[in-house]
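>>> I would like the atomic coordinates for the input below:
(2 chains)
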There are 2 protein chains.
Amino acid sequence: MNILRVNMNNRQIYLEPIPEQLMLLGNRSLIGEILTNEVPASCHPLGEKNKLILAGGPLAGLGISSADRLSAGAKSPLTGGIKEANAGGIAVQYMAKHGIRAIIIEGKPNADSTFLLRINNNQFELMVAEELKGMGNYEVAQVLRQKYGEKTAIITIGPAGEKELNTAGIFASDRSGIPSRACARGGLGAVMGSKKLKAIVIENNGDYKIPVVNMEDFKKARKKYLQVLQENPQTSEIYTKYGTASALATVNKIGGLPTNNYRYGSFEKAEQINGDTLYDLIEARGGEGLHSHACMSGCIIKCSNVVPDNDGKAIVTPLEFETLCLLGSNLGIGDIDFTARLNYLCNDLGIDTIEVGAAIGVALEAGVASFGDQEAVYDFIDRDIRNNTLLGRVLGQGAAMTGKVLGIKRIPVVKGQAMAAHEPRAIKGMSITYAMSPMGADHTAAVTLRAPVDHKDPKGQMELSRQIQVTVAAYDSLGFCMFVIPAIGKQPEHAVDLINAVYGLNLQYDWIENYGKKVLLTERNYNKLAGLTDAHDRLPEYMLEEKLPPSNAVSDIPLADYERFWNDEFWDIKDFSYNGEGHNDKQDEHISNC
Amino acid sequence: MNILRVNMNNRQIYLEPIPEQLMLLGNRSLIGEILTNEVPASCHPLGEKNKLILAGGPLAGLGISSADRLSAGAKSPLTGGIKEANAGGIAVQYMAKHGIRAIIIEGKPNADSTFLLRINNNQFELMVAEELKGMGNYEVAQVLRQKYGEKTAIITIGPAGEKELNTAGIFASDRSGIPSRACARGGLGAVMGSKKLKAIVIENNGDYKIPVVNMEDFKKARKKYLQVLQENPQTSEIYTKYGTASALATVNKIGGLPTNNYRYGSFEKAEQINGDTLYDLIEARGGEGLHSHACMSGCIIKCSNVVPDNDGKAIVTPLEFETLCLLGSNLGIGDIDFTARLNYLCNDLGIDTIEVGAAIGVALEAGVASFGDQEAVYDFIDRDIRNNTLLGRVLGQGAAMTGKVLGIKRIPVVKGQAMAAHEPRAIKGMSITYAMSPMGADHTAAVTLRAPVDHKDPKGQMELSRQIQVTVAAYDSLGFCMFVIPAIGKQPEHAVDLINAVYGLNLQYDWIENYGKKVLLTERNYNKLAGLTDAHDRLPEYMLEEKLPPSNAVSDIPLADYERFWNDEFWDIKDFSYNGEGHNDKQDEHISNC
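Okay, here's the model as predicted:
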């Protein structure tokens, strides 16, 4: 496996074999390692010294369900720290066929050109592609598939990325060529935009054979893994039928559904936008509508959907819980069709629906328009962000900047990044997730919603979120979709058996746990060097004091729990190395002590 | 001496004797101590938990030339760390007559009222004063002097402070009742605005007698001190004749005069705005024009001026070097009259000319208007900031926010605060001052311009700036104007003799040095708790790389010097306490070791 290094200064491309000690790294862990070694934490996120990393995992391309996630990573222009965001789609499967674990985009062209990177037939080409400049993501995908064939994977940024807005994500195409799988968060699209790289097209003609050391063991492990996914109701039924929208009714019932800029915890129109309603709407309208839709080949969870309009024509794919909240309840809007159209618009412009939804929520609180005013909200994106008006630029830089400019103190962000649809006052584990994750307020760092605990009880939430953060960090790094965690999160043997078989290793099962810890410690260390401290590991002040109706919860997890998060023996993995060298004895000891 | 504590929650006022251990603290040191003890570093700067401190020094009210500065302090909404900004004027002299060393404004009223604090005849009254709402500073002063008499000192915020803009300062009146002495920097006016306190009026009828333990020694010391000021050419001639504008020609010659958003280091129209030209203009026009103008009673330096228009009518008082640069050369404007009118406008709205000038410079770089476009620049303040348009709010939040919103990477700020008129690439000591001062990029922390060194040589600049920062921190804390430092900065005996006489002490002369160090360490510690780290103690990336014409200098002080700034034995004052207790032996030892 190789790393493809694209230098935008001299337009040279280098194919480097991945070093032995990085062989088991992928996605999030590889991003942490490359940033630590190659990108000064003090650098300007949109300057020459930052690097954009696009990475898959060590199990990619092997036909393992939900193990081909694409991660994007860089120093974030939004948080000022390390950022990894991942998405589904087929890009990593195609990269694997060319023997590529990761692409590193570095430097910055002098000229104000627009570039396209083409990966074709094991060849790599960086081309000037002025015709793509300013183009929406959907058109980019269409144009590139027309030119390079239907069987291509596309990674692209919209106009928002070209404008280097902090809400800009990186978008990858799904099995149908639709570029709507978003590495959404942290302004990574702006980093790609700063490199003047508009898109990457990866053709389906690589002939790299991924070496599998013990093929028989591998096939056995893969089969067992698949079986576990199929037997778990969350991964085989709930996600498959309702997708992420399944969470909305639960969250609303708990009183944790952000409504009107995080002012309320439940929404009077929640029923109009929940998972059941979405399911029924897709069923009733038919046409191009789909639930149980897989974004990448081979995925059996199929959490995605295609939302059809009244005529059965697709509005958008996929429509997720977080978007239904941030571009729905959080703006006082209870209208699936409208939110779906807004989602399409965001995908086309290349915008993170969470960050922009939170930013608009803050702007509505400032009185720029009223909550529930769909026309105004649509204009903010279609008129203002698209046309780069001053309001568009303010909103396009995210919720924190919007709040500061407009003088709003209720800004639902941590480390400058907006929270995502799980109110941390009502779902208290999310207080820890949002506050402590090196990624800024990012629900994907650890969703505590499904844990069998009293979400209103502050006790134990720190330990709960911390443990999930470790698990997620590991699975994120191995290229798995986080939705496999309900099935295999507590059964690390499945992932370890797969790794052992592919790489001919004999890793212990607690390798996963230590791996996740190392990922988080690496990220935390990078953030420290970038100037993020304990002071940044806290919720906004108002959430500690302002009661959230209707439950009137506040975020009341003791400060000591925050202070203890990074500071106890939990993190003692000093002999651990990612590739399993020199620590197995230690692990055995650890196990016997438990 | 007392502290006047005003609680805006319950509208109660408390007069507390200043604790013995704080007796020698004032201005900057008192602010550091009160913030450390009373204001959580994590608090929202515009929330209930922040406190605004207005303080004079331990030598105030004693008829000592230039020793009655007013400091304002709080956690800064601009830098996120500790902030102290000081000004001249007569407020502290009047406070001293009421026996008040400092006023602490704490809490936050629930109602959206506008308050006035009145100090009269040793009485203290907090009144609702809706009639002052939205009023410009000049009118506030006029109205209050009309109502409460000509012999009042006024401290006020303009509309910018009420709007809680980060460029908002706090303005104090001079001997003529003109409220143009600005505690300008760090958004302290926004903190006062967040407390809904529009103004403080202090009448000249207090009858507090400041105790002086050894009156004879005191008079002798004061006389000697005055003599030293009178004998120094900087304090008795240059400042007196040309004021701060005297620096402009020198700085321009060195190639360190920020021009067109810090793009160039010298300005083709520099001669039109330098100290000589300003002096000649005042001389030629006569009328209300003045140089050698004293802002506070008894000051013999008299660095201030009154700039008259063609008809001899005052445009503004005072017009300073930093304003001539930031609202002049930095915007491509070489027109004293225009900059003076802009300065008046800023004073009236209650805006820091440095921060807003830097913000407009960034906006011009983004193409919002052209450099040199006076009409546009005037409109940005008079139309946009005054009327709270979106552009006004962006600019009003300062240079960092303006740059981020508009997508500009060349933003001349450290810790979110704009640099002030000394280009750190050409005057390299200012690289250290701007980067390392706990106050953010603030020239008043340590101007290295007058030091007899090669400003282009990176060697030794760290030690130079650090030593000046210590000296300034001490004199700032004792209530002295920084302009006494050329005369007595290296002769600490004058200040120590004054303190010893007034308080009946026997402090050693190195008390000043250690005092300054303790002030800086206290501020640094507060900033650490607030989340500012070594990563924030650095210049913006572009100044390390982009050559500054015409000298083509870059900021090339070795990183090791920055890293060493806080980390060597220089700071070893562990036995020092501000009031001289328990450390004299140590000091003697220290002296004998030298």
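
>>> For chain B, what is the nearest residue in the stretch 1-150 of chain A?
Relative to chain B, the nearest point of the stretch 1-150 of chain A is residue A:44 (4.7 Å; C-beta to the nearest C-beta). To be clear about C-beta, it is placed using only N, CA and C from the backbone, and glycine gets the same treatment.

>>> So which residues on chain A come close to chain B?
Taking C-beta under 8 Å from any C-beta of the partner chain as the contact definition, chain A meets chain B at A:41-44, A:46-47, A:49, A:163-165, A:390-391, A:393-394, A:397, A:401, A:404-407, A:409, A:528-536, A:538, A:540-542.

>>> Cross the residues you listed against helices and list the overlap.
Here DSSP state H is the test, and the residues of chain A next to chain B give A:390-391, A:393-394, A:401, A:404-406, A:528-530, A:542 as lying in helices.

>>> Switch these over to CSV; also include pLDDT.
Listed next are these as CSV, based on pLDDT from 0 to 100:
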residue, pLDDT
A:390, 98
A:391, 98
A:393, 98
A:394, 98
A:401, 98
A:404, 98
A:405, 98
A:406, 98
A:528, 98
A:529, 97
A:530, 98
A:542, 97
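
>>> Just the closest of these to residue A:81, please.
The closest of those to residue A:81 turns out to be residue A:530 (C-beta to C-beta; 5.0 Å).

>>> Number of residues surrounding the nearest residue to that closest one once chain neighbours are set aside?
Using C-beta to C-beta, 6 or more residues apart in numbering or on different chains and skipping residues adjacent in sequence, the residue nearest residue A:530 is residue A:41, 4.0 Å away. By other C-beta atoms under 10 Å in any protein chain shown, the residues close to residue A:41 number 19.

>>> Please look at residue A:41 and residue A:532 and confirm they touch.
No - Residue A:41 is beyond contact range of residue A:532, at 9.3 Å (criterion: C-beta atoms under 8 Å).

>>> Show the residue spans covered by the helices in the stretch 351-500 of chain A.
Assigned by DSSP state H, counting those that start in this stretch, the stretch 351-500 of chain A shows helices spanning A:353-365, A:374-379, A:386-387, A:390-396, A:399-406, A:429-436, A:461-477, A:485-488, A:493-503.

>>> and the closest residue to chain B within the stretch 151-300 of chain A, how many neighbours?
Using C-beta to the nearest C-beta, the single residue of the stretch 151-300 of chain A nearest to chain B is residue A:164, 5.5 Å away. Neighbours of residue A:164 under the rule other C-beta under 10 Å: 22.

>>> show me what contacts it?
Contacts here follow C-beta atoms under 8 Å, 6 or more residues apart in numbering or on different chains; on that basis residue A:164 touches A:46, A:77, A:190, A:193-194, B:407.

>>> Nearest to residue A:310 among the helices of the stretch 351-500 of chain A would be which one?
Closest of these to residue A:310 is helix A:374-379, at 16.8 Å (criterion: C-beta to C-beta).

>>> Can you classify residue A:3 as helix, strand or coil?
Assigned with DSSP: H, G, I helix; E, B strand; the rest coil, residue A:3 falls in the strand class.

>>> just the one 10 residues further on next, same as before
For residue A:13, the reduced secondary structure class is strand; criterion used: three-state DSSP.

>>> partner residues bridging it?
Beta-bridge pairing for residue A:13 (DSSP bridges): residue A:6.

>>> dump the residue contacts of it.
The contact partners of residue A:13, by C-beta under 8 Å, 6+ apart, come to A:4-7, A:124-126.

>>> picking up where we left off before, from what I can see the residue of the stretch 1-150 of chain A closest to chain B touches residue B:544, true?
No - using C-beta under 8 Å, residue A:44 makes no contact with residue B:544, being 10.6 Å away.

>>> can you pull the contacts of the residue nearest to residue A:530?
A:35, A:75, A:526-527, A:529-531, B:535.

>>> just so I have it, where are all the strands in the stretch 1-150 of chain A?
Ranges of strands within the stretch 1-150 of chain A are A:2-7, A:12-17, A:52-55, A:70-75, A:82-87, A:100-106, A:115-120, A:123-128, based on DSSP state E, counting those that start in this stretch.

>>> where in the stretch 251-400 of chain A is pLDDT low?
Scanning the stretch 251-400 of chain A for pLDDT under 70 picks out no residues.

>>> re earlier: and the contacts of residue A:13, which are buried?
A:4-7, A:124, A:126 (16 or more other C-beta atoms under 10 Å in any protein chain shown).

>>> Reformat those residues as JSON lines; add pLDDT.
Listed next are those as JSON lines, based on pLDDT from 0 to 100:
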{"residue": "A:4", "pLDDT": "98"}
{"residue": "A:5", "pLDDT": "98"}
{"residue": "A:6", "pLDDT": "98"}
{"residue": "A:7", "pLDDT": "98"}
{"residue": "A:124", "pLDDT": "96"}
{"residue": "A:126", "pLDDT": "98"}
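
>>> Please produce CSV containing those, extended by distance to residue B:118.
Listed next are the buried ones among the contacts of residue A:13 as CSV, based on distance: C-beta to C-beta, whole Å:
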residue, distance to residue B:118
A:4, 71
A:5, 69
A:6, 68
A:7, 67
A:124, 75
A:126, 70
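
>>> Where in chain A is the helix or strand with the lowest mean pLDDT?
Lowest by mean pLDDT, DSSP states H and E among the helices and strands of chain A is helix A:584-593, with a mean of 38.

>>> can you tell me how far residue A:265 sits from residue A:295?
Separation of residue A:265 from residue A:295 (C-beta to C-beta, to the nearest Å): 30 Å.

>>> just to revisit the earlier point, for the residue of the stretch 151-300 of chain A closest to chain B, which non-adjacent residue is closest in space?
Per C-beta to C-beta, 6+ apart, closest to residue A:164 is residue A:190, 4.2 Å.

>>> what sits against that neighbour?
By C-beta under 8 Å, 6+ apart, the residues touching residue A:190 are A:45-46, A:77, A:160-161, A:163-166, A:168.

>>> do residue A:170 as well
Here residue A:170 is in contact with A:54, A:72, A:85, A:87, A:155-157, A:161, A:182-183, A:188-189, A:192, A:350 (C-beta under 8 Å, 6+ apart).

>>> Just the ones in helices from these, please.
Reading helices off those with DSSP H, I get A:161, A:188-189, A:192.

>>> Low-confidence bits of chain A, can you list those?
Chain A contains residues with pLDDT under 70 at A:582-594.

>>> out of the ones in helices among the residues of chain A next to chain B, who has the most neighbours?
For these, neighbours tallied by other C-beta under 10 Å; top is residue A:394, 29 neighbours.

>>> That one and residue B:51, how far apart?
Computed as C-beta to C-beta, the residue A:394 to residue B:51 distance reads 30 Å.

>>> which residues sit against stretch A:22-38?
By C-beta under 8 Å, 6+ apart, the list of residues contacting stretch A:22-38 reads A:1, A:41, A:51, A:53, A:55-60, A:69-71, A:73-75, A:82, A:84, A:86, A:101-102, A:104, A:106, A:473, A:476-479, A:499, A:503, A:515, A:518-519, A:522-523, A:525-526, A:578-580.

>>> Can you point out the buried residues in that stretch?
Across stretch A:22-38, burial judged by 16+ other C-beta under 10 Å covers A:22-35.

>>> so how far is it off the chain centroid?
Mean-position distance between stretch A:22-38 and its chain equals 16 Å (C-alpha atoms, centre = their mean, to the nearest Å).

>>> Just the CA trace of it, in CSV.
What follows is stretch A:22-38, C-alpha atoms only, in CSV (Å, rounded to 0.1, in the frame of the first residue of the first chain):
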residue,chain,number,x,y,z
LEU,A,22,2.2,3.0,9.7
MET,A,23,0.9,-0.2,8.1
LEU,A,24,-2.0,-0.6,10.5
LEU,A,25,-2.9,3.1,10.4
GLY,A,26,-5.7,4.6,8.4
ASN,A,27,-8.2,7.3,8.3
ARG,A,28,-8.1,9.1,11.6
SER,A,29,-5.0,7.6,13.1
LEU,A,30,-3.0,8.2,9.9
ILE,A,31,-4.2,11.8,9.8
GLY,A,32,-3.0,12.3,13.4
GLU,A,33,0.3,10.8,12.6
ILE,A,34,1.0,12.7,9.4
LEU,A,35,-0.1,16.0,10.9
THR,A,36,2.1,15.4,13.9
ASN,A,37,5.1,14.6,11.8
GLU,A,38,4.6,17.0,8.9
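
>>> Cool, thanks, talk later.
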